[in-house]
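*Asks:* Show me how the following folds:
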Amino acid sequence: MSLPQDPQSQRDWQMVGLASGLGCSVVTSLLLCIGAGILIDRWLGTEPVGVLIGVALGMVAAGYSFYELVKVSSRKSGARRPTRDTGGGNGEARPR
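*Replies:* Prediction:
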């Protein structure tokens, strides 16, 4: 199987790869954290507490993975952060 040659198609495939990587990392982090919560609940006898903490930690890990994906994809696409307009609308800076 050969890779597409045009840049738009290559960028599309890179985004597909990033998105599938995000999906795998979200599922993995949730499963590991919830599984650890279940094991801790069985070990300590605290039924819902460990699972709830595991869900919360899994969601935080998934959110961080999403943040990293956005950071990487914006860096690859060449997008820049908007600058703060400190002037009166004409592009000039306001005197202090």
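
*Asks:* In contact with the spatially most central residue of the chain, which residues are there?
*Replies:* The chain has Phe66 as the residue nearest its centroid, 0.9 Å off, counting by Cα atoms, centre = their mean. Counting by Cβ atoms under 8 Å, 6 or more residues apart in numbering, Phe66 makes contact with Leu22, Val26. Every residue, glycine included, has its C-beta placed from N, CA and C.

*Asks:* Then Gly54?
*Replies:* Gly54 neighbours (Cβ under 8 Å, 6+ apart): Cys33, Ile34, Gly35, Ala36, Gly37, Ile38, Ile40.

*Asks:* Please give the element, helix or strand, for it.
*Replies:* In the assignment (DSSP states H and E), Gly54 maps to helix 47-77.

*Asks:* Rounded mean pLDDT for that helix, please.
*Replies:* Averaged over helix 47-77, pLDDT sits at 87.

*Asks:* pull the longest helix from the chain.
*Replies:* Taking DSSP state H as the criterion, the chain has its longest helix at helix 7-44.

*Asks:* May I see the buried residues of that one?
*Replies:* The neighbour-count check on helix 7-44 (16 or more other Cβ atoms under 10 Å) flags Leu18, Leu22, Ser25, Val26, Ser29, Leu30, Cys33, Ile34, Ala36, Gly37, Ile40, Asp41 as buried.
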